[in-house]
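**Student:** Following is a predicted model, sequence given first.
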Amino acid sequence: MMLVATPLLLLPLLRPVGGAYCPGGCRCYSLTVECGSAGLGGLPRGVPTHTQTLFLQDNLIGQIRTGDLLLLTHLNYLYLQNNSLSSVEPGSFQSQRRLLELALNANRLRALGADVFRGLEQLRVLYLAANRLARLQDHAFRGLPRLQELHLQHNALEAVSERALLGLGSLALLDLSANGLHTLGAAALRPLLALQVLRITDNPWRCDCALHWLRAWMDGAGRRLLSPAGRRLPCAEPPRLSRLGLLEVPPSSLVCIPPLLRLEPRRLAVRLGDGLRVSCHASGYPRPQVTWRKASPSPRGLVQEAPPPPAPPPPPLEEEEGAWPAGGAPEDADTGSGMLFLSNVTAAHAGFYECEARNAGGAARLAFHLAINSSSSSAWAGGPAPPRRRRPAPDVSREPLHAAGSMAFGALGAAAQAAVAAGIALLALTALLLLAMICRRRRDPAPKEEAVLYVDDYSDGPAPFGRLEEFHEMLVLAPPAGGGGEEEEEEEEEEEEEGRVTGEGGEAPPTAAAAAAEAEAVLRGHFLDSQIAYEIHC
């Protein structure tokens, strides 16, 4: 009887764990549950709480929430590779304090929060390879003091912050190969006191001044951490060094250009409720990272000065990656978009902002002042800096200026109005005087020139009187025509000769009588027609 009952009592122990004790589509064993390739869209429910190993690979799981693993406190191994994980809520593993190995590789993770791995004090191996991680933020692996292997290969990492690996004092293997790393700071590796293997191959290294330390470290203390193949780090930038390995580049060729900033505008005032977009351009090598932060509040808050001429409102603003939200500046600085973006501004936004550009060659900063205008006029914007307010001189009017383009006389100050009125009156008076002079000249023409009696006082000598005597003897006392004389014959010959030279051919030469008549006509034309007379005083 006892021999028959014993097998019956052992039947429950030999039966495989299944049915009500195993989720559908999974295979459950004493301490292991295997749910791989089951087409699951989420973590299965009903997994036995004593499970130590859980296989969930090759499914369609897209998210891990805080309560999904809350009851599985005995897990040692959890495999979630080859799923569609895009997010893991902070605190999702807080109940897995015995977990030794976690596989999250080959998923779609883009970022890791600071408390994602909280509670995993015993974790030894973490697989994060083949995801889409682009940057490791500060304290990304906080709470993993016993982690020994960290696999980050085949991601899209471009940078590792200086405090990303803090707390990993037990880490022995770090795999950063096949990423997009251009540079790596010495401070990022400083917390790894137990590091024995470092893999950083297959990255597009930028061989500049930021890698001086890495070159020297590879020749010294880092030689034991890198395999012979791992010490071959080809330079991707600059082009002149693209065919060389880092160890082949002379230290004098690892150079940087400090950043140079250009900020437009440097000062701006906007109306309440408006939006703004300020661009901060940086140049340098390597390409500087640009960040914005609010330095201090405005000492005045709202702008009380008279507003400048209205300007057209800014175009509708759109949300941009890295831009500040409409509610104001975040606690952390912008990650380098180069654009300060604010919408629906309030008085709390007024103040001084600082644009900072930083690269391996140094840092540069420029300040931007934002003022809020409570009036209905638009903003003023200047170039490098607007003119400072100065106290007006005692003789300068303090009346506000009228808006640009306005012709309203009442908008001018009292002094300006008086000056304009005086100028207009002076112009009108000048025009009336010119018109009166023109009318008077047309009405009273200038009188004709009256006869003038020139009195010869012989101040110019006896020549005029002698000429008069000659004319008198020639014209008045001349003998009748035909009278002989040598002088008359000579004069006639001269006149005939002159007539042949100047006269027309075929005409008879003029006689002495004709010459005398012509001379008398000339004399009368000169002396009588012009009403000029000489009074001779003896």
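**Tutor:** Cool, got the structure. Numbers count the residues shown, from 1 in each chain.

**Student:** I'd guessed A178 sits against Q153; true?
**Tutor:** Yes. The pair A178 / Q153 is scored as a contact, 5.1 Å apart, by CB atoms under 8 Å. Every C-beta, even on glycine, is put in place using the N, C-alpha and C of the backbone.

**Student:** Next, the residues that contact stretch 150-157 from outside, please.
**Tutor:** Residues from elsewhere that reach stretch 150-157 (CB atoms under 8 Å, 6 or more residues apart in numbering): 105, 125-136, 141, 168, 171, 173-181, 199.

**Student:** phi, psi of L429?
**Tutor:** Main-chain torsions, L429, degrees, to the nearest 10: phi -60, psi -40.

**Student:** Wait, a helix at L247?
**Tutor:** Yes. Under DSSP: H, G, I helix; E, B strand; the rest coil, L247 falls within a helix.

**Student:** quick one: it and L171, what's the gap?
**Tutor:** For L247, the distance to L171 equals 25 Å [CB to CB, to the nearest Å].

**Student:** higher neighbour count, the two?
**Tutor:** With neighbours defined as other CB atoms under 10 Å, L247 and L171 compare such that L171 has more, 25 against 12.

**Student:** Go ahead and confirm that one touches L189.
**Tutor:** No. Here L171 lies out of contact with L189, judged by CB under 8 Å, at a distance of 10.0 Å.

**Student:** With adjacent residues omitted, what lies nearest to I200?
**Tutor:** Spatial nearest neighbour of I200, chain neighbours left out: L176 (5.1 Å); criterion: CB to CB, 6 or more residues apart in numbering.

**Student:** Kindly apply the preceding question to R271 instead.
**Tutor:** Closest to R271 by CB to CB, 6+ apart is N373, at 5.5 Å.

**Student:** and the one you found, bridged to which residues?
**Tutor:** R271, V303 (DSSP bridges).

**Student:** correct me, but it touches L268?
**Tutor:** No. With contact defined as CB under 8 Å, N373 does not reach L268; the gap is 10.0 Å.

**Student:** between the two, which one's more packed in?
**Tutor:** N373 (22 against 19).

**Student:** need the helix or strand of the protein with the lowest average pLDDT.
**Tutor:** Of all helical and strand segments in the chain, the minimum by mean pLDDT, DSSP states H and E falls on helix 2-14, at a mean of 35.

**Student:** and the next element down the chain from that one?
**Tutor:** Heading C-terminal from helix 2-14, the first helix or strand you meet, by DSSP states H and E, is strand 27-28.

**Student:** Which SSE is immediately downstream of that next one?
**Tutor:** Past strand 27-28, the next helix or strand by DSSP H and E is strand 32-34.

**Student:** quick one: the strands in the stretch 51-200 of the chain?
**Tutor:** All strands of the stretch 51-200 of the chain, identified by DSSP state E, counting those that start in this stretch, fall at 53-55, 63-64, 77-79, 87-88, 101-103, 125-127, 135-136, 149-151, 159-160, 173-175, 197-199.

**Student:** For the fifth one, name the packing helices and strands.
**Tutor:** Translated: strand 101-103. The helices and strands touching strand 101-103, judged by 3 or more CB pairs under 8 Å, 6 or more residues apart in numbering; DSSP states H and E, are strand 77-79, strand 125-127.

**Student:** Pipe those into a markdown table and attach distance to V290, mean neighbour count and mean pLDDT per row.
**Tutor:** What follows is the helices and strands packed on strand 101-103, written out as a markdown table (distance: least, CB to CB, whole Å; neighbours: other CB atoms under 10 Å; pLDDT from 0 to 100):
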| stretch | distance to V290 | mean neighbour count | mean pLDDT |
| --- | --- | --- | --- |
| strand 77-79 | 40 | 19 | 98 |
| strand 125-127 | 33 | 20 | 98 |
